[in-house]
Structures are given as C-alpha cells and as structure tokens.
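Colleague: compute the structure for the input listed below.
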Amino acid sequence: MAAFDPGAGGTLKSTTLEGIAMEAALLLQNAERAAQAATPEAFPNNIAVSFFTGDNVIQVQAALPLSADFSNDGKVTFSAVDYLGTPFTTDGDLKATTLPQAVLELFQRLQNTEKSQPDAGDKVQLSYATETNIATINAEFPITFSVATDGTISVSANPYLA
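Modeller: Residues are numbered from 1 along each chain as shown. As a prediction, this is how the structure comes out:
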C-alpha cells in the first residue's frame, strides 16, 4: 500500500495513492458530466472511468489539456489546464491546486512509484504530447467491490504498491 496524506481540509479524502487517484478521476468525470449537462457543446469527454466487476479492475482513460512551460533553471514543466473551474481545495501531500492538475499529479505519482517497484507491473501509462498539448493517461489497476446489508455497493482501490 502506498500511503498518501490527503490532509484535513482538502477535497480528496483517500489515504492510499491508488485510492486517491481513483477518487480524483471519478470527481473529474463527475464534474465533466455536470458541466456537459449545463452546456453540452462546451465540454468534451476528457476522462472516462470504467469499473469491471468480472475482473475487479478500474480503467481510467484521459486526454487532459496541457500547458508546458520552463522553470527558472530551464526545466520543462507540465500542468493540466483547469478547463472546468470546479471548486477544489488541497492539503497534505497533494501539490495540485485544481482538479485536472490533481488527476495528472496523482497518476504521475502512481507511474513513478510503479517504476521504482519492479514487481508492481505497468498498470499506469502516462505521456505528454507537446505538439498537441495533451497529457494522456491509460490506467488499469485492481479494485474490490463490496455490498452492505442495505444493498449499497462500495468500490475500493486495492493497494498494489508498497
């Protein structure tokens, strides 16, 4: 389990890296749907989150608008564009200040953690295309479904990282 401190006052609440990435992706998808309901032609589908009960996996596919810049020491920096303007607060380990930035940061952290743990597999692929200013995320990782006594279905990200 890759522990993650969401802080006390932020929008996101999960305490594992896998869980908080899933949470952020779902929040962004829901924010897109709400924006599309109000103005369908103004907001594309930049993120899709799918749950598969047979395989117990979540799939996240995203194509987020991207801005690239240079830091004072010449490093290239990437940031997801806040194309929705959804209210978002952050605290704890997360540095992003917008929901699209949080999704990009969290999936980049997942990918970096995977690369440092060879047994984790390659469950997250992320690429930056500076020609089109798009960050692409393709991820599939394990989840668990549970059913409460009242019939409520819960989904939790299974920790696969140390």
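
Colleague: drop to CA atoms for contacts and neighbour counts, all remaining ones
Modeller: Noted.

Colleague: after the one helix or strand residue 110 maps to comes which helix or strand?
Modeller: Here residue 110 sits within helix 99-116, counting by DSSP states H and E. Of the helices and strands lying after helix 99-116 in sequence (DSSP H and E), the nearest is strand 124-129.

Colleague: so what does the next helix-or-strand element following that following strand touch, helix or strand wise?
Modeller: Next helix or strand after strand 124-129 toward the C-terminus (DSSP H and E): strand 134-147. Helices and strands touching strand 134-147, as assessed by 3 or more CA pairs under 8 Å, 6 or more residues apart in numbering; DSSP states H and E, comprise strand 57-70, strand 124-129, strand 153-157.

Colleague: roughly how far does the residue nearest the centre of the chain sit from residue 97?
Modeller: Geometric centre of the chain, nearest residue: residue 103, 3.3 Å, by CA atoms, centre = their mean. To residue 97, residue 103 is 11 Å away according to CA to CA, to the nearest Å.

Colleague: next one: residue 113
Modeller: Applying CA to CA to residue 113 and residue 97 gives a distance of 22 Å.

Colleague: residue 28 too?
Modeller: Using CA to CA, we find residue 28 at a distance of 13 Å from residue 97.

Colleague: higher neighbour count, those two?
Modeller: Between residue 28 and residue 97, counted using other CA atoms under 10 Å, residue 28 has the larger neighbour count: 21 against 14.

Colleague: excluding chain neighbours, what is closest to the more buried one?
Modeller: Sequence neighbours aside, residue 99 is the residue nearest to residue 28 in space, at 6.4 Å (criterion: CA to CA, 6 or more residues apart in numbering).

Colleague: and the one you found, what pLDDT?
Modeller: Note for residue 99: predicted pLDDT of 97.

Colleague: for residue 38, same thing?
Modeller: 88.

Colleague: now do the contacts for it.
Modeller: Applying CA atoms under 8 Å, 6 or more residues apart in numbering to residue 38 gives no contacts.
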